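Undergrad: Have a look; sequence and predicted model below, questions after that.
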Amino acid sequence: MSIRIGLMGGTFDPIHYGHLVTAEGARVEFGLERVWFVPSGWPPHKSAMDVTPAEHRYLMTVLATLSNPYFEVSRLDIDRPGPSYTVDTVEQARHGLPPDAELYFITGADAILEILTWKQPERLLERCHLIAATRPGYDLERLESTLGELFRRFRHRIAVVQVPGLSISSSDIRQRVRRGQPIRYLVPEPVVDYIYKHRLYQAPTGREVVAGGHRMAQIPGGTE
Ligand SMILES: Nc1ncnc2c1ncn2[C@@H]1O[C@H](COP(=O)(O)OP(=O)(O)OP(=O)(O)O)[C@@H](O)[C@H]1O
Ligand SMILES: O=C(O)c1ccc[n+]([C@@H]2O[C@H](COP(=O)([O-])O)[C@@H](O)[C@H]2O)c1
């Protein structure tokens, strides 16, 4: 049987238990040999101004996935210049894998609803399966009606995984940190420590600089 690899794409700003439970659910349900978490370098649909530097997001993803032997973190999107288009990620991920390996791109159903606005959605579906994780409050039937013809042509490659009722989101976590509210039990313990140690998501401080037109936080000891 061909090997099946999961790719869990996201901004992970920060990674939280919603992402982790989704990846683990997909791994077990679809018999995935491994799941590669792929933090976006430049999330195509988000403003660079609003996203924490990639190295912080990468390191938090490494910390969050350490305890699961089936989880790995890929730098594919972080190291590739330009917007992190999924079709490019999938094509790059194939290098070094057996030709019959099957790739399963896992992401939230809300993200997949927008796939018609992604780069080359048809080409993407020719190259991988999509696992749409349903998050709380999401109406599943919208997937078929929104994707229309694309859904009908590739329905054999689109699957849905139900994740437990987690209404955790990265934006809520960032807001909680800003307001001084607890985030423990929403994100793994080492990620909580990382966020406070590096003072992420707090009110803007003098550590923020304007570089190349983008507002970026500095990583202590890192290069600008
Ligand atoms: N609680 C959750 N349950 C299931 N899927 C989720 C959950 N949170 C996020 N996802 C999905 O994981 C993928 C990556 O998410 P992302 O890193 O943007 O996190 P997010 O929590 O959605 O962030 P933000 O609140 O900043 O938009 C997205 O497709 C998103 O739909
Ligand atoms: O390929 C695209 O055009 C594209 C457009 C928007 C989002 N994506 C991918 O979808 C995943 C979830 O995106 P986000 O912004 O919700 O973190 C992430 O892996 C992105 O790279 C991909």
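TA: Received, thanks. Ligands and ions are numbered 1, 2, ... in the order given.

Undergrad: Can you show me the helices along this protein?
TA: Under the criterion DSSP state H, the chain carries helices at the ranges 17-29, 54-65, 76-79, 86-94, 109-112, 121-127, 141-147, 149-154, 170-179, 189-197.

Undergrad: Export those to JSON lines and append columns for distance to ligand 1.
TA: Any C-beta I mention is one placed from the backbone N, CA and C, and that applies to glycine too. Formatted as JSON lines, those follow (distance: least, CB to the nearest ligand atom, whole Å):
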{"stretch": "helix 17-29", "distance to ligand 1": "2"}
{"stretch": "helix 54-65", "distance to ligand 1": "9"}
{"stretch": "helix 76-79", "distance to ligand 1": "12"}
{"stretch": "helix 86-94", "distance to ligand 1": "11"}
{"stretch": "helix 109-112", "distance to ligand 1": "3"}
{"stretch": "helix 121-127", "distance to ligand 1": "14"}
{"stretch": "helix 141-147", "distance to ligand 1": "13"}
{"stretch": "helix 149-154", "distance to ligand 1": "17"}
{"stretch": "helix 170-179", "distance to ligand 1": "3"}
{"stretch": "helix 189-197", "distance to ligand 1": "13"}
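
Undergrad: In space, what's closest to R127 - neighbours in sequence excluded?
TA: Setting aside the residues directly before and after it, R127 is nearest to V90 in space (CB to CB, 6 or more residues apart in numbering), at 5.1 Å.

Undergrad: Compute the distance between H45 and ligand 1, please.
TA: The gap separating H45 from ligand 1 is 9 Å, by CB to the nearest ligand atom, to the nearest Å.

Undergrad: Quick check, that residue in contact with K119.
TA: No. Judged on CB atoms under 8 Å, H45 makes no contact with K119 at a distance of 10.9 Å.

Undergrad: re the thing from before, wait, which of the helices of the chain is closest to I5?
TA: Nearest of the helices of the chain to I5, taken as CB to CB: helix 86-94 at 7.3 Å.

Undergrad: Give me the neighbour count for R157.
TA: Here the count is done by other CB atoms under 10 Å, and R157 has 18 residues near it.

Undergrad: ugh, wrong one, L147
TA: Using other CB under 10 Å, L147 is surrounded by 22 other residues.

Undergrad: what's the answer for Q120, then?
TA: Neighbour count for Q120, taken as other CB under 10 Å: 13.

Undergrad: show me what contacts the residue nearest to it when sequence neighbours are not counted?
TA: Nearest non-adjacent residue to Q120, counting by CB to CB, 6+ apart: V87, 4.8 Å away. The neighbours of V87, taking CB atoms under 8 Å, 6 or more residues apart in numbering as the test, are 118-121, 123-124, 127.

Undergrad: filter those residues by proximity to ligand 2?
TA: Contacts with ligand 2 within the contacts of V87, as defined by CB under 6 Å from any ligand atom: 118-119.

Undergrad: Can you name the residue of the protein nearest to ligand 1?
TA: Closest to ligand 1 within the chain is G108: 1.7 Å, counting by CB to the nearest ligand atom.

Undergrad: how much space is there between that residue and R142?
TA: The gap separating G108 from R142 is 13 Å, by CB to CB, to the nearest Å.

Undergrad: next one: D110
TA: Computed as CB to CB, the D110 to R142 distance reads 9 Å.

Undergrad: Have a look at these two and say which one is more surrounded.
TA: Legend: neighbour count by other CB under 10 Å for D110 and R142, higher for D110 (15 against 12).
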